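J.: show me the folded form of this:
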Amino acid sequence: MKIGVIVPLNSYKEEFKKLRELGIGVCQFNTWNNSAELTEELALDVKAEAEKQGIEISAVWRGWSGPAAWNFTEGPITLGLVPEAYRADRIYDLKVGSDFAKALGVKRIITHMGFLPENFTDSLFPDVVSAIKEVAEYCLANGQELLFETGQETPITLLRTIEAVGTGNLGINLDPANLIMYGKANPVDALDVFGKYVMELHGKDGVYPTNGSELGAEKKIGDGKVDFKALLTTLNSIGFNGNIIIEREISGEEQIRDILFAKEYFENILEAI
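T.: Okay, here's the model as predicted:
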């Protein structure tokens, strides 16, 4: 397992240089940019800069257009491919992201699909499955895997959706903090349900929600509820060979300090397993 971070498109040159200085050689590339901005020319420039700095891009984390409320109230009607009002535009955004990743030479696309229907007899479920399948088949034609980032659904709902889509190129970007912050599952136990599909891992920590409207808080690695030693030991035992991508959703010098702390934290665990 390699240890990396998330790099945003809007500051990639500075971020790649910073990673080299910090001794980090892998990243997930994040873009919520308008699809019109994701040109092949830009992708080739990003690719050249990454190669110049010796940075491997393991996956493209692709956002989408329209509103996004990261809570339990507006979240279900604004996030991912679930809300019908934004679905067509977001399918297009993800397809453009796939083409952008292809130009980068990257074979994994990650996104939040939204609050997937828990009840598979829900009339919404077939339409959501169809939308995901359209994107997955497009990625498949580009020689890519499409990864669900965890958080907004229970593990069994995610497993059921992957099985229903059935394109053979689906996987999971496991964000253990999200499973906790959304109150959906203990991430170690979740591996019993969907462990074989985990291809990438976010190194992020957090705590459970304490009310019905707001997510639990993100925390510095080690200060939350994720048992990373148990999680990484279990992932290792089932053959996980992806990357640990540190995510700390703050900014400035504190973010850099916390990332370096997390890097050492994970290195110590990996040495012991």
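
J.: could you pull out the strands for the stretch 151-273 of the chain?
T.: 170-174, 198-203, 205-206, 218-219, 244-246 (DSSP state E, counting those that start in this stretch).

J.: which outside residues touch the first one?
T.: The set of residues external to strand 170-174 that reach it, using Cβ atoms under 8 Å, 6 or more residues apart in numbering, is 59, 61, 108, 110, 136, 145-150, 158, 162, 187, 190, 194, 197-202. (Glycine included, C-beta is placed from N, CA and C.)

J.: now do the second one
T.: For strand 198-203, contacts defined as Cβ under 8 Å, 6+ apart pick out 1, 3, 28, 58-59, 108, 110, 145, 147, 149, 171-178, 191, 221, 228, 235, 240, 242-247, 262, 266.

J.: quick one: that strand to strand 170-174, angle?
T.: When axes from the mean of the first three to the mean of the last three Cα atoms, to 10 degrees is applied, the directions of strand 198-203 and strand 170-174 differ by 20 degrees.

J.: just checking, L140 touches T167?
T.: Yes - using Cβ atoms under 8 Å, L140 is in contact with T167, at 5.8 Å.

J.: okay, and the common contacts of the two?
T.: Shared contacts of L140 and T167 (Cβ under 8 Å, 6+ apart): none.

J.: just the buried ones from the contacts of strand 198-203?
T.: The neighbour count (16 or more other Cβ atoms under 10 Å) marks 1, 3, 28, 58-59, 108, 110, 145, 147, 149, 171-178, 191, 221, 228, 235, 240, 242-247, 262, 266 as buried among the contacts of strand 198-203.

J.: just the contacts of strand 198-203: which are in helices?
T.: Mapping the contacts of strand 198-203 onto helices (DSSP state H) picks out P176, A177, N178, L191, F228, L235, A262, F266.

J.: in CSV: these, plus pLDDT and distance to S98.
T.: Converted to CSV, the ones in helices among the contacts of strand 198-203 look like this (pLDDT from 0 to 100; distance: Cβ to Cβ, whole Å):
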residue, pLDDT, distance to S98
P176, 98, 26
A177, 98, 26
N178, 98, 23
L191, 98, 27
F228, 98, 31
L235, 98, 26
A262, 97, 30
F266, 98, 29
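
J.: out of these, who's nearest A68?
T.: Closest approach between the ones in helices among the contacts of strand 198-203 and A68, by Cβ to Cβ: N178, at 14.3 Å.

J.: list the contacts of that closest one.
T.: So N178 contacts E149, T150, G151, Q152, K184, H202, K204, G206 (Cβ under 8 Å, 6+ apart).

J.: mind running it again at 6 Å?
T.: Each residue near N178 by Cβ atoms under 6 Å, 6 or more residues apart in numbering is listed here: T150, G151.

J.: quick one: it from R20, how far?
T.: 29 Å (Cβ to Cβ, to the nearest Å).

J.: now swap in G4 and tell me
T.: The gap separating G4 from R20 is 12 Å, by Cβ to Cβ.

J.: who has more neighbours, these two?
T.: Neighbour totals were compared for G4 and R20, and G4 leads with 24 against 14 (other Cβ atoms under 10 Å).

J.: remind me which residues of the protein are low pLDDT?
T.: Of all residues in the chain, none has pLDDT under 70.
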